[in-house]
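# my questions concern the predicted model and sequence given below.
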Amino acid sequence: MPSHPSLPPFPPAAPAAGSPADWRHVALPRPAEVERPRFHQATIDDLGTPLADVTFVVVDLETTGGSPKDSAITEIGAVKVRGGQVVGEFQTLVDPGTEIPPYISVLTGITSMMVATAPRIDAVLPAFLEFARGTVLVAHNAPFDLGFLKAACEASGVLWPAFASVDTAVLARRLLTRDEVPNCKLGTLAPFFSTTTQPCHRALADARATVDVLHGLFERLGPLGVTSLEELTGLTRQVDPQRRRKRHLAEHVPTGPGVYVFRGPRDEPLYVGTSTDLRSRVRSYFTAGEQRSRMTEMVALAERIEALPCAHDLEAAVRELRLIAEHKPRYNRRSRFPERALWVRLTEEVFPRLSVVRRVRPGAGVFLGPFPDRRAADAAVAAVHEALPLRQCTSRLSLTVLGTACALAGMGRCGAPCTGAQSREEYASVAAVFAAAVAADPRDLVSPLLARVERLGAEGRYEDAAVLRDRVAVLVRAVRRRQRLESLARVPEL
């Protein structure tokens, strides 16, 4: 109903000569005492900056490690897009000033020789900052890439501009469900969005793939009514009100290293974690920085938080693993359960072979691992079989009872000890290469694999080269981790 009083009827105005009377010609005087409601037409400025008018620079880095405190940038790749169109690209290798670790070279394909003549980061930064000036930076796992860039600016004495940023990993967690993708890694999102470039741990290729992922995520924003940059940043920073209301659970948590336990309605452990600063870590679960759906669900169930202060980080790590093994909280990562880890075992036989097992038994052979899942273990086994002609049959062989050779022997992939073509001593020398790689130096095992990767690349067989490269990366990481764990296991106190 109108808020103003109804107006009295008005006499019709005189129609034009020769025309019939028409209600549309009625004059409606507007008395001064009657206030009509006024409406305001919103402007584009009121609605924010439309996404189609924003220039984004999608950036990706390759580095020598995982932290800017002790690692450096080896490659920068960036793609500038506006309105869905690519308007420029930026790519350069960077001399990190140190040797690139071998496992990083295996992962990225970037060697110390490749960056020997590349510019240093202090010469690259001004060009990149000029390329990105006035844009919004986009990265997959933005804290990693932007953290390295900010650290490089600080070390070079360059002022870091106040860039707005978008994290495609966080955006994917907000827009995609677990039924659509199992995780929000770039390697998982790329096939889901059918990107034109596949990520391969090279900066420009990964940046191009992230561009397609960003545009795919933008298509999900329409039904949500998100059309401006301000709404986009608000979406990625949104905090669930239910989670915000539970911030009081962290009030009693002290600072310093220790273990924290989220407990549910029946006081059952829901999640066990560790941190060098308990209070800061626990409080982060109630902020927009925590975007994992499982953690959001866990916080919604939590009724209280138990804090266990420790003397140092090592004690906290040991107590955390013991609590997880004892209670098996349902929201902890599966890889934290020791009984679910996998190992690659070189069996104790006359002619040993590789098998994937769940337990390490002293004196039962050579063990490589642990691996988080079957896929990683199988990739390491495949890499070893590419380098060494170890038998792949599962039957137990005898020195006296001979059999027939399989297809692998005809392909040169096995020495056929089952037929007597290879003596026990000759086969033992082959198996010794794997044992030496696990215990000390993997060079003899990995060198032929890296040579084959180079050969496949030179022949233009890039997909085969990438598959083998990834298998070698899994193998090298497993050897490195196994040797580190063995050195720790020798300490009596541990």
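Noted; the coordinates are in hand.

# and the strands in the stretch 1-150 of the chain?
Using DSSP state E, counting those that start in this stretch, the strands of the stretch 1-150 of the chain run over residues 55-63, 73-82, 85-93, 136-139.

# against Glu62, how distant is Cys184?
The spacing between Cys184 and Glu62, counted by Cβ to Cβ, to the nearest Å, is 20 Å. Bear in mind the C-beta positions are built from the backbone N, C-alpha and C, glycine included.

# and stretch 385-392, how far from the chain's centre?
Between the centre of stretch 385-392 and the centre of its chain there are 32 Å (Cα atoms, centre = their mean, to the nearest Å).

# next one: stretch 250-259
28 Å.

# what about that stretch, how long is it end to end?
Using Cα to Cα, to the nearest Å, the end-to-end distance of stretch 250-259 comes to 13 Å.

# for the closest residue to His327 other than its chain neighbours, list each beta-bridge partner.
The shortest distance from His327 to any non-neighbouring residue, by Cβ to Cβ, 6 or more residues apart in numbering, is to Pro269 (4.4 Å). Beta-bridge partners of Pro269, counted by DSSP bridges, are Arg263.

# burial of Pro269, as a residue count?
Neighbour count of Pro269, defined by other Cβ atoms under 10 Å: 19.

# checking my notes, Ile305 in a helix, right?
No. Judged by DSSP: H, G, I helix; E, B strand; the rest coil, Ile305 forms no part of a helix; its state is strand.

# give me the pLDDT for it.
For Ile305, the pLDDT comes out at 95.

# quick check: closest non-adjacent residue to it.
Spatial nearest neighbour of Ile305, chain neighbours left out: Leu249 (4.9 Å); criterion: Cβ to Cβ, 6+ apart.

# could you tell me whether the one you found really is in a helix?
Yes. The assignment for Leu249 is a helix, going by three-state DSSP.

# got the contact list for it?
Val282, Phe286, Ala302, Arg304, Ile305 (Cβ atoms under 8 Å, 6 or more residues apart in numbering).

# the spatially closest residue to Thr255 that is not a sequence neighbour: what secondary structure?
Distances taken as Cβ to Cβ, 6+ apart put Arg279 closest to Thr255, at 4.7 Å, once the chain neighbours are dropped. What three-state DSSP gives for Arg279 is helix.

# contacts for the helix or strand in which Ala380 is found, please.
Using DSSP states H and E, Ala380 sits in helix 374-387. Contacts of helix 374-387 with the rest of the structure, by Cβ under 8 Å, 6+ apart, involve 342-344, 354, 356, 368-369, 371, 390, 392, 413, 433-434, 445-446, 448-449, 452, 468, 470-472, 474-475, 478.

# go again with 6 Å.
Identification of contacts with helix 374-387 by Cβ atoms under 6 Å, 6 or more residues apart in numbering yields 342, 344, 354, 356, 371, 445, 448-449, 471-472, 474-475, 478.

# low pLDDT regions in the chain?
Scanning the chain for pLDDT under 70 picks out 1-48, 234-241, 288-291, 333-338.

# and it, what are its domains?
Using the TED database, the domain parsing of the chain gives 51-232, 238-336, 339-490.

# the stretch 351-494 of the chain: strands as residue ranges?
With DSSP E, counting those that start in this stretch as the criterion, the stretch 351-494 of the chain has strands at 354-357, 366-371.

# who's in contact with the last one?
Spelled out, it's strand 366-371. Contacts with strand 366-371, where a contact means Cβ under 6 Å, 6+ apart, come from Ala341, Leu342, Trp343, Val344, Arg345, Leu346, Val360, Ala377, Ala435, Val438, Ala478, Arg482.

# tell me what angle that strand forms with helix 374-387.
Angle of strand 366-371 versus helix 374-387, following axes from the mean of the first three to the mean of the last three Cα atoms, to 10 degrees, is 140 degrees.

# for strand 366-371, which strands pair with it and how are they oriented?
Going by DSSP bridges, the partners of strand 366-371 are strand 342-346 (antiparallel).

# give me the contacts around the partner strand.
352, 354-357, 360, 365-371, 377, 380-381, 434.

# buried ones among the residues you listed?
Burial by neighbour count, 16 or more other Cβ atoms under 10 Å: within the contacts of strand 342-346 this picks out 352, 354, 357, 365-371, 377, 380-381, 434.

# and those residues, which two are furthest apart?
The most widely separated members of the buried ones among the contacts of strand 342-346 are Pro352 and Pro370, with 20.1 Å between them, by Cβ to Cβ.

# find the nearest non-adjacent residue to Pro329, please.
That would be Pro269: by Cβ to Cβ, 6+ apart, it lies 4.5 Å from Pro329.

# identify the residues contacting that neighbour.
Residues near Pro269 by Cβ under 6 Å, 6+ apart: Val261, His327, Pro329.

# repeat that for Val479.
Listed by Cβ under 6 Å, 6+ apart, the contact partners of Val479 are Pro442.

# for it, give its distance to Gly365.
Using Cβ to Cβ, Val479 is found at 16 Å from Gly365.
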